[in-house]
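Participant: Below are the sequence and a predicted model for it; my questions follow.
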Amino acid sequence: MPRKVFWGLLAGAVVLTSIWHLQTQLNYRAFVHLAQGLRLSVADAALEETPERVRVRFTVVLTNSTERAIPVEGTSCLLYAGQEFLGPCVISSDAPAVVPPQGEWRIDVITEITGHYLENYRKVEADGVRVQGSVQIALPLGSDSIKAMRRFSELIPKR
């Protein structure tokens, strides 16, 4: 009798492990499919120079080609000229919190380089300003969600 109980428990453990593994694989495939349906880009980039400041303007666009709404957790970016740090971007806090299904999430960024950052920019004599940043999103995975990050980098050339 103990041998039958052992084999019964072992068979039950194998079945439960197989079900758990299958569920994990299905969740992973759904996650990958969802992540592949998101595209991050920078549009409408412009650099305007005056003697007092440099204005950097661009739009971050997150395109959702999936059937699910994607929550946006936050956005951040930094400005560089060559290897020289020029400061953080000023990002509007009134951006929508969700990318709609089959839709776009857009946030306009306008920031100025002034003060000692402007001096650094002039010293470097770069071809433009490089913007590097990320958008933090929450991708649904089964009954939970995973925090993920999409990065962007764009060189905004001088006119």
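Facilitator: Received, thanks. Since we're looking at a predicted model, the values are computed, not measured.

Participant: make it CA atoms for all contacts and neighbour counts henceforth
Facilitator: Fine.

Participant: And the contacts of stretch 145-153?
Facilitator: By Cα atoms under 8 Å, 6 or more residues apart in numbering, the residues outside stretch 145-153 that reach it are 40-42, 130-140.

Participant: Name the residues of it that are buried.
Facilitator: Of the residues in stretch 145-153, those with enough neighbours to count as buried (16 or more other Cα atoms under 10 Å) are 149-150.

Participant: If you average the pLDDT over that stretch, what comes out?
Facilitator: Within the predicted structure, the mean pLDDT of stretch 145-153 is 84.

Participant: got it, and stretch 5-13?
Facilitator: Per-region confidence: stretch 5-13 scores 87 on mean pLDDT.

Participant: and if you look at stretch 51-70?
Facilitator: Averaged over stretch 51-70, pLDDT sits at 89.

Participant: Could you do stretch 81-90 as well?
Facilitator: Computed over stretch 81-90, the average pLDDT equals 87.

Participant: Show me the strands in this protein, by range?
Facilitator: Listed in chain order, the strands of the chain (DSSP state E) span residues 38-49, 54-64, 70-81, 84-88, 98-99, 103-113, 128-141, 144-157.
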